[in-house]
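> Model the following, please.
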Amino acid sequence: MRYLSYRGADGQSRFGFIDGDEVVALGPDGAAGSLVAFLTQAPEAIATALARAGGARQKLADTHYLPVIEKPGKI
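Numbers count the residues shown, from 1 in each chain. Take a look at the predicted model:
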């Protein structure tokens with residue numbers, strides 16, 4: 001699974017995963033507000049969210065990438 005943070009067609013920061021030549025949105029409409037929050041959920045919750053992933057899709061080629069972790073802790 002390849003996760004990413006990106007700017008959606010509506011200009012909002014989103015996170016999702018790559019499916020072939022498309023990006024499938026997982027947030028911020030989901031329960032988790034960020035990729036970090038999403039990934040720190042229980043494995044069962046992540047599996048359920050991925051199984052239900054029917055978020056907005058956009059072409060990978062048209063995607064504006066953002067830093068994967070937008071506000072990293074201490075480096």
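> how close does residue 4 sit to residue 44?
For residue 4, the distance to residue 44 (Cβ to Cβ, to the nearest Å) stands at 23 Å. Just so you know, the C-beta spots here come from the backbone N, C-alpha and C atoms, and that holds for glycine as well.
> Of the two, which one has the most company?
A direct count of neighbours by other Cβ atoms under 10 Å for residue 4 and residue 44 places residue 4 higher, at 18 against 8.
> Check the gap between the more buried one and residue 68 for me.
6 Å.
> Determine how far stretch 54-71 lies from the middle of the whole chain.
Relative to its chain's centre, stretch 54-71 lies at 7 Å (Cα atoms, centre = their mean, to the nearest Å).
> residues making contact with stretch 50-57?
In this structure, residues lying in contact with stretch 50-57 by Cβ atoms under 8 Å, 6 or more residues apart in numbering are 1, 8-9, 14, 16-17, 19, 22-26, 29-30.
> start to end distance for that stretch?
By Cα to Cα, to the nearest Å, the extent of stretch 50-57 from end to end equals 14 Å.
> right, and the helix or strand after the helix ranked longest in the chain?
For the chain, the helix reaching the highest residue count under DSSP state H is reported as helix 43-51. Next in sequence after helix 43-51, counting helices and strands by DSSP states H and E, comes strand 57-59.
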